[in-house]
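Asks: Build me a model from this:
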Amino acid sequence: MTAVTSVRHIPGNSLPRISLRVVGVGCFIFAGLGILYSVPTAFMVYSSFHSDPKLPHFFAAYTTLLVFSFASYATLIFCGVQFVQLRTSAWQVLLVAAIAEVALVFSIRCLWSALLPQISLSVAAASGIGLGGLMPQFVTLFPLWGPVVAVWADYRLRQVPDKRKKKGLCQHCGYALMHESKTCPECGMPARTRT
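Replies: Presented below is the predicted three-dimensional model:
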């Protein structure tokens, strides 16, 4: 894996850098909105909600969904930090998180149906509250476009240095490296020529 630090300042890569940072900021915003929703809601549920005989599995379902939601928020914060710093390798983590979120929402819908009728009402009640923090992501379709933009930015940010490396050019500034020197005479960056 090539270090992304060498592609940060390559001319012509401004759109992928901006796009990756937009996804990173989006990760922060959606994690923040989710936390702002989930923390007071959890406090309210655990302090004032009493066990209802009609919803015997409510607390187990709600706790499971809350743990999943906070794991999702932590993943979004991690990816946001990586993307804002132009570290593109976190796109795989974002993709797995997006797939897990979508799979969770669809699997809960299956639990509401006739698959498990004895817990369906409890799961339905818990999911209405427990997944509320994930809804801003789904309203904006972030699980669909966020990973796609991150993959595209990763590809574009790695494409220019690879082309330059094959041509025997400095990966940073594009200067023609004629000799086997350790640094580029034009920009002073470590010279990585073709192998």
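Asks: Show me which residues of the top helix by length along the chain are buried.
Replies: Using DSSP state H to assign secondary structure, the helix with the most residues in the chain is helix 14-48. Counting neighbours by 16 or more other C-beta atoms under 10 Å, one finds that the buried residues in helix 14-48 are 16-17, 19-24, 26-35, 37-38, 41-42, 45. Every C-beta, even on glycine, is put in place using the N, C-alpha and C of the backbone.
Asks: And for stretch 75-94?
Replies: The neighbour-count check on stretch 75-94 (16+ other C-beta under 10 Å) flags 75-80, 82-84, 86-88, 90-91, 93-94 as buried.
Asks: Could you measure from the residue nearest to the spatial centre of the chain over to G26?
Replies: The residue at the geometric middle of the chain, judged as the C-alpha nearest the mean C-alpha position with C-alpha atoms, centre = their mean, is L94 (3.1 Å). Here the distance between L94 and G26 works out to 10 Å (C-beta to C-beta, to the nearest Å).
Asks: go on, L66?
Replies: With the distance defined as C-beta to C-beta, L66 ends up 22 Å from G26.
Asks: try A126
Replies: 27 Å.
Asks: same thing with P147?
Replies: As judged by C-beta to C-beta, P147 and G26 stand 11 Å apart.
Asks: so where's this structure shaky on pLDDT?
Replies: In the prediction, the chain carries residues with pLDDT under 70 at positions 1-13, 111-115, 160-167, 171-172, 174, 178-181, 189, 191-195.
Asks: how about the strands in it?
Replies: For the chain, strands defined by DSSP state E do not occur.
Asks: packing partners for the longest helix of the chain?
Replies: Taking 3 or more C-beta pairs under 8 Å, 6 or more residues apart in numbering; DSSP states H and E as contact, the helices and strands that helix 14-48 lies on are helix 58-84, helix 135-139, helix 142-166.
Asks: repeat that with 10 Å
Replies: Helix 14-48 makes packing contacts with helix 58-84, helix 91-112, helix 117-130, helix 135-139, helix 142-166 when contacts are defined by 3 or more C-beta pairs under 10 Å, 6 or more residues apart in numbering; DSSP states H and E.
Asks: can you redo the ones you listed as JSON lines with distance to P185?
Replies: Compiled in JSON lines, the helices and strands packed on helix 14-48 are given as follows (distance: least, C-beta to C-beta, whole Å):
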{"stretch": "helix 58-84", "distance to P185": "33"}
{"stretch": "helix 91-112", "distance to P185": "35"}
{"stretch": "helix 117-130", "distance to P185": "60"}
{"stretch": "helix 135-139", "distance to P185": "48"}
{"stretch": "helix 142-166", "distance to P185": "15"}
